[in-house]
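> got a predicted structure here, sequence first:
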Amino acid sequence: MSPSPARILGIRRKFPSASTAESLRIGDLLRKETVGGILLVALAIVALGWANSPWAESYFAIRDFEIGYEPWHLRLSIGAWAADGLLAIFFFLVGLELKREFVSGDLRKFSTAIVPIFAAIGGVIVPAVIYLAVTAGSAEASRGWAIPTATDIAFAVAVLAVIGSHLPSALRIFLLTLAVVDDLIAIGIIALFYTETVEIVPLVLALVVIAGYGLIAQLYRRFFHLRPTAAWLVLLPIGVIAWALLHASGIHATIAGVLLGFTIPVLHRKADRGTDAEPGLAEVFEHRFRPLSAGIAVPVFAFFSAGVAIGGAEGAIAAFADPVVLGIMLALVLGKPIGITAATWAVTRIRRIDLDPDLRWLDIVGVGVLAGIGFTVSLLVAELSFAAGSEAHDHAKVAILTASIVAAVVASVLLGIRNRRYRGTHAP
């Protein structure tokens, strides 16, 4: 059973708290993402330190080393392979999660999903407006308007898991649902605004291959469910072909991961359904591949993307004087919580729904600040917005890293205070 609107936002209704099954699922997800989030931050710190050390040349030599087959448009630097290739695994998980939410989860009914949808939209629009206002007058700088619109779900839930042991399940579900919708918006932005030219033939072939991938997954869902190696031997090669074709079409190749994730069935066939039925194939694939995404793909991408030569104290001062940096930091640290809180307030006024008496608006503000952790997707959008090696490119990454740290610290303080309050309230 998918959670009710009351459980998504902690609204005063017949069911004041999340179901046991939903709470267990959220807890399991938080535990997995905590490890991935810690590894993500650790490798980003290593990369930043290496890029500003006496051995910086070796870091950039590795990152910029090219490998691949040029006639297939696949001769890429290792950094590009991480951004276009490994990150497709992360987006495949995003596609699985999105489809599960739309088919059987929080987003199944519009009436259930309206609050986090509006919150996510507010958390995209307000940061974009703030960034454009700060960078007004510079056509090059304005290309980065989408950088502060994204939320890094792995990093955010890792922080929440560490400091939010006693926060209500409704607040956790709100964050995850908001992040899922945020991811969907980010995918649309990448596809629509960061695709300059499209090659029709590779695109059509990619869609045909993706359709074939989905047909096989649908027809043999039981087979892939029972035999874990089958997906690696059958579906993975087909997925790689789809990824390569989409890359050749000019559309960012990570979109292939999302589309492939959308094709995986969420539910069993009617004949196989029952009260004791095992999880659907999408959930099984999430369980199998999330460690690969959180433990390898995203941290490796962060390692090759976060390494920026700051240039010492003078370089840092120059970076923070750049409107790109100021725009990103203000948009993530202030724009996200303002947009999310304002949109949540507006929709609850329209629907005349009150927050659960156990929750306060400070909780929503805290989650809004937490959503200001951009990191993974923001770094990807920065790669797409500015030319590699340009001043704006490097400064944008400095801003993303700094803003994400500030957002994490401020959110930890706010939600830590609320966590202690809830712990005291429920203490025996």
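All right, it came through fine. Please read all numbers here as calculations on a predicted model, not as lab measurements. Residues are numbered from 1 along each chain as shown.

> going forward, measure contacts and count neighbours with C-alpha atoms only.
OK.

> mind exporting the one helix or strand residue 203 maps to as CSV, just the C-alpha atoms?
Here residue 203 sits within helix 200-219, counting by DSSP states H and E. Taking C-alpha atoms only, helix 200-219 is exported to CSV below (Å, rounded to 0.1, in the frame of the first residue of the first chain):
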residue,chain,number,x,y,z
ILE,A,200,18.2,11.3,-35.8
VAL,A,201,19.4,7.9,-37.0
PRO,A,202,21.4,7.0,-33.8
LEU,A,203,18.5,8.4,-31.7
VAL,A,204,15.9,6.2,-33.4
LEU,A,205,18.2,3.2,-33.2
ALA,A,206,18.7,3.9,-29.5
LEU,A,207,15.0,4.0,-28.9
VAL,A,208,14.5,0.7,-30.8
VAL,A,209,17.2,-0.9,-28.7
ILE,A,210,15.7,0.5,-25.4
ALA,A,211,12.3,-0.9,-26.5
GLY,A,212,13.8,-4.3,-27.1
TYR,A,213,15.5,-4.1,-23.8
GLY,A,214,12.2,-3.4,-22.1
LEU,A,215,10.3,-6.1,-24.0
ILE,A,216,12.9,-8.7,-22.9
ALA,A,217,12.7,-7.5,-19.3
GLN,A,218,8.9,-7.6,-19.4
LEU,A,219,8.6,-11.1,-21.0
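
> ok, and what's touching that helix?
For helix 200-219, contacts defined as CA atoms under 8 Å, 6 or more residues apart in numbering pick out 224, 235, 238-239, 241-243, 245-246, 248-249, 259-260, 263-265.

> and of those, the nearest to residue 408?
The shortest gap between residue 408 and any of these belongs to residue 259, at 30.9 Å (CA to CA).

> distance of the residue lying closest to the closest one once chain neighbours are set aside from residue 75?
Distance criterion CA to CA, 6 or more residues apart in numbering; nearest residue to residue 259, sequence neighbours excluded, is residue 95 at 6.7 Å. Distance of residue 95 to residue 75, given as CA to CA, to the nearest Å: 27 Å.

> neighbour count for those two, which is higher?
The neighbour comparison of residue 95 against residue 75 (other CA atoms under 10 Å) goes to residue 95, with 28 against 15.

> residues contacting whichever strand or helix holds that one, please?
With secondary structure defined by DSSP H and E, residue 95 is part of helix 87-104. Residues from elsewhere that reach helix 87-104, judged by CA under 8 Å, 6+ apart: 1-2, 107-109, 180-181, 183-184, 253-262, 264, 266, 282-283, 286, 289-290, 292-294, 297-298, 301.

> for the nearest residue in space to residue 128 that is not next to it in sequence, give me its contacts.
Closest residue to residue 128 apart from its sequence neighbours, by CA to CA, 6+ apart: residue 145 at 5.3 Å. Residue 145 sits next to 128-129, 131-132 when contact means CA under 8 Å, 6+ apart.

> of those, closest to residue 324?
After measuring the contacts of residue 145 against residue 324 - CA to CA - the closest member comes out as residue 131, at 7.8 Å.

> tell me which residues of whichever helix or strand comes after the helix holding residue 203 are tucked away?
Taking DSSP H and E as the definition, the helix or strand that follows helix 200-219 towards the C-terminus is helix 221-226. For helix 221-226, burial by neighbour count (16 or more other CA atoms under 10 Å) applies to 221, 224-225.

> what do you get for stretch 229-242?
Neighbour-count burial for stretch 229-242 flags 231, 235, 238-242 (criterion: 16+ other CA under 10 Å).

> repeat that for stretch 197-206.
By 16+ other CA under 10 Å, the buried positions in stretch 197-206 come out as 202-203, 205-206.

> residues contacting residue 397?
Here residue 397 is in contact with 306, 308, 379, 382 (CA under 8 Å, 6+ apart).

> low-confidence ranges in this protein?
1-34, 106, 109-112, 164-165, 268-278, 311-316, 351-359, 424-428 (pLDDT under 70).

> quick one: residue 251 is in a helix?
No - the assignment for residue 251, made by DSSP: H, G, I helix; E, B strand; the rest coil, is coil rather than a helix.

> correct me, but residue 337 touches residue 365?
Yes - the pair residue 337 and residue 365 qualifies as a contact (CA atoms under 8 Å) at a distance of 5.7 Å.

> helices along the stretch 1-150 of the chain, start to end?
5-9, 20-51, 56-64, 78-80, 87-104, 110-134, 139-142 (DSSP state H, counting those that start in this stretch).

> with just CA atoms, put the helix holding residue 95 into PDB.
Output in PDB follows, covering the C-alpha atoms of helix 87-104 (Å, rounded to 0.1, in the frame of the first residue of the first chain):
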ATOM      1  CA  LEU A  87      26.900   8.100 -13.900                       C
ATOM      2  CA  ALA A  88      24.400   6.300 -16.300                       C
ATOM      3  CA  ILE A  89      24.300   3.600 -13.600                       C
ATOM      4  CA  PHE A  90      23.200   6.200 -11.000                       C
ATOM      5  CA  PHE A  91      20.500   7.400 -13.500                       C
ATOM      6  CA  PHE A  92      19.400   3.900 -14.100                       C
ATOM      7  CA  LEU A  93      18.600   3.600 -10.400                       C
ATOM      8  CA  VAL A  94      16.900   7.000 -10.600                       C
ATOM      9  CA  GLY A  95      14.700   5.600 -13.400                       C
ATOM     10  CA  LEU A  96      13.900   2.500 -11.400                       C
ATOM     11  CA  GLU A  97      12.900   4.600  -8.300                       C
ATOM     12  CA  LEU A  98      10.800   7.000 -10.400                       C
ATOM     13  CA  LYS A  99       8.900   4.200 -12.000                       C
ATOM     14  CA  ARG A 100       8.300   2.500  -8.700                       C
ATOM     15  CA  GLU A 101       7.000   5.700  -7.200                       C
ATOM     16  CA  PHE A 102       4.700   6.400 -10.100                       C
ATOM     17  CA  VAL A 103       3.400   2.800 -10.300                       C
ATOM     18  CA  SER A 104       3.100   1.700  -6.700                       C
END
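
> heads up, I number from 35, so please use that
That works, and once the first residue is 35, the last one we named lands at helix 121-138.

> flag every buried residue along it.
For helix 121-138, by 16+ other CA under 10 Å, it's 121-135, 137.

> over to stretch 212-222?
212-221.

> from residue 383, how far off is residue 138?
27 Å.

> and for residue 280?
The gap separating residue 280 from residue 383 is 43 Å, by CA to CA.

> which one's more surrounded, the two?
residue 280 (27 against 11).

> returning to what we had before: quick one: which of the contacts of residue 179 is most hemmed in?
residue 165 (29 neighbours).

> how many residues are close by residue 451?
Neighbours around residue 451, by other CA under 10 Å: 17.
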